[in-house]
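Engineer: Predicted model follows, preceded by the sequence.
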Amino acid sequence: MIRLLISALIRLLANALGLIVAASVLDGMRVNAFSFIFAVVIFTLVELLLEPLLREVSSRKLPALRGSLSLVVTFLGLVITDLASSGFSIRGLSTWLFATVLVWIGALVAGMILPLLLVKRAAKERREH
């Protein structure tokens with residue numbers, strides 16, 4: 001249970017960083033400061049729900065989709081977040097494409113670095129006590 005909570009927290013933080021990176025780089029992407037947390041939560045929930053579903057569908061009916069599954073899930077997460085949050089918007093085809101890639105890369109890198117930082121910090125705190 002604790003691992004699941006830690007994994008969810010890391011995913012939330014990683015997605016938050018991915019969204020911040022994309023919103024700061026792309027002119028056609030806006031995230032309202034008040035809606036930011038809501039947008040991150042919606043985006044992460046959509047990813048958590050769609051990823052296993054699309055993985056199952058792709059393994060059975062669309063094996064070519066497996067390699068790009070994370071990008072598809074990221075894109076769908078952005079679409080649903082855009083529809084559900086009034087403080088989050090993406091405008092323009094190129095912005096949608098670049099936002100998908102930037103959020104995916106940002107979340108991927110943060111998802112690899114954050115666990116290392118958190119584990120290192122937790123291990124240090126355990127040694128001190």
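Structural biologist: Arrived safely. Residues are numbered from 1 along each chain as shown.

Engineer: can you pull the buried residues of the helix or strand of the chain with the lowest mean pLDDT?
Structural biologist: When the helices and strands of the chain are scored by mean pLDDT, DSSP states H and E, helix 93-128 comes last with a mean of 85. Residues 95-96, 98-100, 102-104, 106-107, 110-111, 114 are the ones in helix 93-128 that count as buried (16 or more other CB atoms under 10 Å). C-betas here are computed from N, CA, C, even on glycine.

Engineer: and Asp27, what does it touch?
Structural biologist: Listed by CB atoms under 8 Å, 6 or more residues apart in numbering, the contact set of Asp27 reads Thr95.

Engineer: phi, psi of it?
Structural biologist: phi -70, psi -30 (degrees, to the nearest 10).

Engineer: What of Ser35?
Structural biologist: phi -90, psi 0.

Engineer: Tell me which helix or strand the residue lying closest to Val101 once chain neighbours are set aside sits in.
Structural biologist: Spatial nearest neighbour of Val101, excluding adjacent residues (CB to CB, 6 or more residues apart in numbering): Leu71 at 7.2 Å. Per DSSP states H and E: Leu71 is located in helix 69-84.
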